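Visitor: let's see this in three dimensions:
(2 chains)
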There are 2 protein chains.
Amino acid sequence: MKYLSLVAAAALLFGAATTAHADEGMFTFNNPPVKQLSEKYGFSPDKAWLDRVQLASVRLARGCSGSFVSKDGLVLTNQHCVRGCVEQLSSAKEDLSSKGFTAKDQASERKCPDVEINQLVEITEVTDRITKATEGKTGKEFADALKSTQATIQKECATGADIRCDVVSLYQGGRYDLYKYRRYQDARLVFTPEVDIGMFGGDPDNFNFPRYDLDMSLLRVYGADGKPLKVDNYLPWAKASAAENDLVFTSGNPGGTDRQLTMAQLYIQRDYVLPRVIARYSERRGILVEFGRRGAEQKRVAEEKLLGIENSLKVYKGRYDALAGSLGVLKAKAEADFRAKVDADPNLKQMAGDAWDGIAKAVQIDRALFDRRYMLETAAAFDSQLFTLARQLVRAADERAKPNEQRLREYTDAAFPAIQQRLVSAFPISNELEIEMLGWSLASMRAWLSPDDATVKAVLGKDDTFDLAKKLVTGTKLGDAKVRKALLDGGKAAIDASKDPMILLAKQVDADARAVRAKVEEEVDAPEKKFGGAIAKARFALEGTSTPPDATFSPRLSYGKVTGWTEPTGKQVPYFTVTSGLYERATGNDPFRLPKSWLDAKASLDGNVHMNFVTTNDIVGGNSGSPMINQKGEVVGLAFDGNIHSIGGDYGYDAALNRCVGVDVMAMKQALAKVYKAEWLVRELTGAETRAEAR
Amino acid sequence: MKYLSLVAAAALLFGAATTAHADEGMFTFNNPPVKQLSEKYGFSPDKAWLDRVQLASVRLARGCSGSFVSKDGLVLTNQHCVRGCVEQLSSAKEDLSSKGFTAKDQASERKCPDVEINQLVEITEVTDRITKATEGKTGKEFADALKSTQATIQKECATGADIRCDVVSLYQGGRYDLYKYRRYQDARLVFTPEVDIGMFGGDPDNFNFPRYDLDMSLLRVYGADGKPLKVDNYLPWAKASAAENDLVFTSGNPGGTDRQLTMAQLYIQRDYVLPRVIARYSERRGILVEFGRRGAEQKRVAEEKLLGIENSLKVYKGRYDALAGSLGVLKAKAEADFRAKVDADPNLKQMAGDAWDGIAKAVQIDRALFDRRYMLETAAAFDSQLFTLARQLVRAADERAKPNEQRLREYTDAAFPAIQQRLVSAFPISNELEIEMLGWSLASMRAWLSPDDATVKAVLGKDDTFDLAKKLVTGTKLGDAKVRKALLDGGKAAIDASKDPMILLAKQVDADARAVRAKVEEEVDAPEKKFGGAIAKARFALEGTSTPPDATFSPRLSYGKVTGWTEPTGKQVPYFTVTSGLYERATGNDPFRLPKSWLDAKASLDGNVHMNFVTTNDIVGGNSGSPMINQKGEVVGLAFDGNIHSIGGDYGYDAALNRCVGVDVMAMKQALAKVYKAEWLVRELTGAETRAEAR
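Guide: Purely as a prediction, here's the structure:
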């Protein structure tokens, strides 16, 4: 069964004719699946419907989705999407992660130090401008032209600090669109449940179903005036659960898919990148688990990082299995078929005939540079928040002094506010954890790059890596937001004068890190975009643009229906779980422990209320927090996960098996009302009239 | 360059005609490479030479090699091969690993709790007997017949407790030989250097070269009379280092190779087994590293386990890279060519035409059973010494009550003494470490098998895995050798009556663990042996038996020459390092820290003495501790590692790149004399006459 459905999926990926047969697709709002919806579900959303859904949907800039659910700026997202804020607002004395948080009124809402919320207001195609700027160029010239044109377009668009503009590369460089967002940097925590119910079942149940998680939170966006934002477009909560086979939409920001990559690009993932990254994440997990064994406080400070790592590990392992399994074989065949079609047409052959080999060559360079880039330039490089802050300060000083269009992309005027917000916000950092992670990651860098590598030698000197980490972490003052702000405001002169050991380390490795990044941009990214764009154009010529582009952490609409599935073993999985099942699964111990609030409320709850449910919507990481919407534009659920089969969705959607997992709206309502006694929120969420009266 | 040499290697693996062109091969002592040696090196060892080398070589039954190097039973092996003994003899007060140990005289030598040493005395072919017993059988019938015939043959051969007999399956079931060993269970520690010089460079330098390790130790075998064993056949130490291009032999026990496996068997390693095991070992490594960060004593008790894990990780990663790289492609082609030859010959086709598909089918079953077997039946299952002891006691009670030929193979009369020795010997176990490893491995079992698995549910109940581990570890009395001895002597009645929580756990999972093991033996091992034997016979018919069988942790002879190599990058690597280079590489910090003894002795040492050197000998794990022997039968070095390219040697030997790494005999001599002032040992090792006088 899996085989057959994968054949279908592969056909879908590479042949437009069959696109209407499965609920595949993360559609852009400027090319919505109106035809498919009408043919398959007899539903034709009009422009007003689409506009409202688009404007009611938001992106959490650090990696999640959400939606406005009240006219006073209430945003619904996942518990796991506000974990960073919850950790930052917690301390050894007050652990919001284990205790949860329910504001008793609006005045009690607590500001998240570095949440940025984006609302998409406009999409404009800019392919021509980019194409003209990069035409005939290769390597460094191509990369520079692309970067500076993007920066210029973004700057022209961003008319104020409250506007964020991103040029998004779609179809592997086949199309470029300018996404204009309204940016909100004042988001406050209104409600988040205890992690024990938000992530009930923990890592073992993650990506599994049946499932019983209340993975929800509420934030409220405040305007520049310090008052709750007034929103015209928001999604009211439905009054009942969705029924089997109901049509459901998700509107969110899938982080990225690799469905249109060439096999050369996928093979390097399978044979090199994924195994190495999985091994390293596994080791990190071990360090964190054992660190947490030191005591309750250590467990608390390691929790957010650990949950993130565990989630990533499941994703990477699932992707590996997909590529090493039958999906890899099917995709190879589909690519061969498509290449044959291109080669058979002189025009297409001229356009894209050499593109696959061009990409394959770039991929070999990518592989050769991977270890060095990973260990010097990515966030994994120095596994330390303090180092990351130091690097951002060092780079901000250098980059902000340059013309906008020549900067590294995260330091352009369009992108920098996200970094700036974090740099100047106060949040706690555990030195004890920092020492362990940095000490370990320095040893890991030595293992990957060799003790004889010049950069490694320069960084480590003759020190033991943990001793060095201790010196750096206890010596730096960057844990203090005021110190960071002073260094940021002081610019290059302040950085040059700084004797802070973490700043010195960031400066020490910066040239080497920038060098490998530039090499990748010029020798890998540039040819991959150039040849990827050529393949995309051949695909447009053969198939049109009914297949949506790979996901790019920008807003997408997906449709699907409420339904369970049949496992390859023959086991039937029903589409929903009920509240009473939660109590049956609880053991009293981690990770199947229920918080006291739920144990206390048990008698008052309706055990038949649907807890979680699944749909065929095509989602991936980044979609977390997406509203699940019925035809009336009401929230029937809150997407928080996919089933285990959905992980292979990075490479291709399998309609028979891939499922989106959501929290049922009625479960959210029951929890707020009966477990958390947050009647004022229930009123705000379920009816403007009663809400107005209640205040 | 690598490509070409791999083509040659692939040809070697699958075509006999070219075998003489490279120094490949781990030859059995009953089919030594006399012809190749004569043709290539003009050296024709006679029977006396071969017999002496065979009898002077020993196997350390828990996984290493060694050699008699004096007529009073002195055994030369690696520092890392006696790590288990060193840890068992150490305590918080006296850390032999960091301090090293040099007996000041024979009376000061310290008994290792569970070292068993085997000396091969005779090989007899038993293929006919096995073939007759298994002919026409499949599945359980085949597995039972094979097991009981092997047990019977071994029992007939083992005429006393000092004789160990193993039936060895060679050529994937194509040939069976009976190996008769003399068994010694009284081995005492004579000399071992500090781990900082034994493993100088630690994990980063492991499998690398240039290298500077004094990875040597000396044990002494004692006879039943409690006196040093008198040996007629031993290997004297050479008076000078080997020179470039000298012919060198290694005689040792390569643990296992997979060169003759089918592609179906290799693909499952690449696509499933290796990635999973690498991830799990990485996580274990993280746990152990962070556990060691609790303090010096914790670091000490975790050290042996950590070093073993790090070594395994490098091996597994290297194997993965080999299979995912060009070697995998070449081997696939070689298999296709060989199958074509078989199919072209009606006799061979009849013999083996269906064998590859038969194995591929078994491999699918192996894959489906892998997780369960790994988590319930292998040593990885419950990562706890105490659990292992409990399981051995539980199984010993059941198995020892059965007729010899029906027992699990490690409980047959031939094999059981190794388990028995460990069960009744006293050695320290760290409860603190046991709790962490067991708690973690129970969580890991839940992750692999799912929280809903019946065995997992039964074992974990509603407990947190670390809480459960703590209850088990602090509740059991099995850390006490006297308790273990009483349970062993008490047999089934004692086990049935025991309320020890670890015994109860071992009993609780035993039926499930045995069930999956039996399933694998019957549905995987049996067909793999049957079809593997058929392929081997086809290979004998086409190629003869000049290609030695895959390694099986039994004695093998390998020849090669002293020479460096050229990296694929073009870098030349010379064949030796010198003592002064060691001091240049030292940083004063882990893992490049020199022990005080070496810092103190620096001025007295000849910096030009060769420290480590490389040869083309074909070795793998298990060969550690093998003597490196010149044509005169003298020890010129001590094999302790391979270079990084040698890891792919599991699947095929690449003469251009694979290298064996050894400690030079002159480095050993200089260290014993000048660093450790062990003159009495130098005299014993370098001349019987002076030794006799000295006593």
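Visitor: the closest residue to A:S597 other than its chain neighbours and chain B: what is the separation?
Guide: Leaving aside its sequence neighbours, A:S597 sits nearest to A:V675 (C-beta to C-beta, 6 or more residues apart in numbering or on different chains; 5.2 Å). For the C-beta atoms, the positions are set from N, CA and C on the backbone; glycine is no exception. Counting by C-beta to the nearest C-beta, to the nearest Å, the separation of A:V675 from chain B is 22 Å.
Visitor: neighbours of A:V675, how many?
Guide: By the criterion of other C-beta atoms under 10 Å in any protein chain shown, A:V675 has 23 neighbours.
Visitor: same check, this time on A:I644
Guide: Counted with other C-beta under 10 Å, A:I644 comes out at 18.
Visitor: that one touches A:N206, doesn't it?
Guide: No: assessed by C-beta atoms under 8 Å, A:I644 is found out of contact with A:N206, at 9.2 Å.
Visitor: let me know the pLDDT of the residue in the stretch 501-650 of chain A positioned nearest to chain B.
Guide: Nearest residue of the stretch 501-650 of chain A to chain B: A:T587, at 3.7 Å (C-beta to the nearest C-beta). Looking at A:T587, its pLDDT is 93.
Visitor: which residues touch it?
Guide: Residues near A:T587 by C-beta atoms under 8 Å, 6 or more residues apart in numbering or on different chains: A:593, B:461-463.
Visitor: what's the distance between it and A:L594?
Guide: Here A:T587 is placed at a distance of 9 Å from A:L594 (C-beta to C-beta, to the nearest Å).
Visitor: and the residue of chain A closest to chain B?
Guide: Taking C-beta to the nearest C-beta, chain A has A:G286 as its residue nearest chain B, at 2.1 Å.
Visitor: could you dump the helix or strand that residue falls within to PDB, C-alpha only?
Guide: A:G286 belongs to helix A:274-292 when assigned by DSSP states H and E. Provided in PDB are the C-alpha atoms of helix A:274-292 (Å, rounded to 0.1, in the frame of the first residue of the first chain):
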ATOM      1  CA  LEU A 274      22.000  13.500   7.600                       C
ATOM      2  CA  PRO A 275      24.200  10.700   9.100                       C
ATOM      3  CA  ARG A 276      26.700  13.300  10.400                       C
ATOM      4  CA  VAL A 277      24.100  15.600  11.800                       C
ATOM      5  CA  ILE A 278      22.100  12.800  13.300                       C
ATOM      6  CA  ALA A 279      25.200  11.500  15.100                       C
ATOM      7  CA  ARG A 280      26.000  14.900  16.400                       C
ATOM      8  CA  TYR A 281      22.500  15.700  17.600                       C
ATOM      9  CA  SER A 282      22.400  12.300  19.300                       C
ATOM     10  CA  GLU A 283      25.500  13.100  21.200                       C
ATOM     11  CA  ARG A 284      24.100  16.500  22.100                       C
ATOM     12  CA  ARG A 285      21.000  14.800  23.400                       C
ATOM     13  CA  GLY A 286      23.100  12.600  25.600                       C
ATOM     14  CA  ILE A 287      25.000  15.500  27.000                       C
ATOM     15  CA  LEU A 288      21.700  17.300  27.800                       C
ATOM     16  CA  VAL A 289      20.000  14.300  29.300                       C
ATOM     17  CA  GLU A 290      22.800  13.600  31.600                       C
ATOM     18  CA  PHE A 291      23.300  17.300  32.500                       C
ATOM     19  CA  GLY A 292      19.600  17.400  33.500                       C
END
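Visitor: would you mark the buried spots in the following helix or strand past it?
Guide: Counting by DSSP H and E, the next helix or strand C-terminal to helix A:274-292 is helix A:296-324. Neighbour counts over helix A:296-324 (16 or more other C-beta atoms under 10 Å in any protein chain shown) mark A:298-324 as buried.
Visitor: and for A:K519, the neighbour number?
Guide: 18.
Visitor: which residues does the residue lying closest to it once chain neighbours are set aside contact?
Guide: Closest residue in space to A:K519, ignoring its immediate chain neighbours: A:L369 at 6.0 Å, by C-beta to C-beta, 6+ apart. Applying C-beta under 8 Å, 6+ apart, we find A:L369 in contact with A:516, A:519-520, A:523-524.
Visitor: quick check: A:L369 vs B:I278, distance?
Guide: For A:L369, the distance to B:I278 - C-beta to C-beta - is 22 Å.
Visitor: quick one: the helices in the stretch 551-695 of chain A?
Guide: Along the stretch 551-695 of chain A, counting by DSSP state H, counting those that start in this stretch, helices occupy A:579-585, A:596-601, A:665-670, A:679-686, A:688-694.
Visitor: re the thing from before, per-residue confidence at the closest residue to the residue of chain A closest to chain B other than its chain neighbours?
Guide: Nearest residue to A:G286, sequence neighbours excluded (C-beta to C-beta, 6+ apart): B:G286, at 2.1 Å. As predicted, B:G286 sits at a pLDDT of 98.
Visitor: B:G286 against A:Y281, yeah?
Guide: No: using C-beta under 8 Å as the test, B:G286 is too far from A:Y281 to be in contact (9.7 Å).
Visitor: lowest average confidence, helix or strand, in chain A?
Guide: One helix or strand of chain A scores below all others by mean pLDDT, DSSP states H and E: helix A:2-14, with a mean of 35.
Visitor: right, and the helix or strand after it?
Guide: By DSSP H and E, the next helix or strand past helix A:2-14 is helix A:34-41.
Visitor: in that following helix, what's buried?
Guide: So, applying 16+ other C-beta under 10 Å, buried residues of helix A:34-41: A:36-37, A:40-41.
Visitor: contacts for it?
Guide: A:19-20, A:25, A:43-45, A:247, A:546, A:559, A:561.
Visitor: in TSV, list the residues you listed along with pLDDT and distance to A:K333.
Guide: Output for the contacts of helix A:34-41, formatted as TSV (pLDDT from 0 to 100; distance: C-beta to C-beta, whole Å):
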residue	pLDDT	distance to A:K333
A:T19	38	19
A:A20	38	22
A:G25	91	22
A:F43	96	34
A:S44	94	36
A:P45	95	36
A:L247	97	33
A:S546	84	22
A:Y559	97	28
A:K561	96	29
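Visitor: can you tell me which of those are in strands?
Guide: A:247, A:559, A:561 (DSSP state E).
Visitor: can you tell me how far the first one is from B:I163?
Guide: In other words, A:L247. For A:L247 relative to B:I163 (C-beta to C-beta), the value is 77 Å.
Visitor: likewise for the second one?
Guide: To B:I163, A:Y559 is 74 Å away according to C-beta to C-beta.
Visitor: which one of those two has more residues nearby?
Guide: A:Y559 (25 against 17).
Visitor: around chain B, which positions in the stretch 351-500 of chain A sit nearby?
Guide: When proximity is defined as C-beta under 8 Å from any C-beta of the partner chain, the stretch 351-500 of chain A approaches chain B at A:436, A:440, A:446-447, A:450-451, A:461-464, A:466-467.
Visitor: alright, that wraps it up for me.
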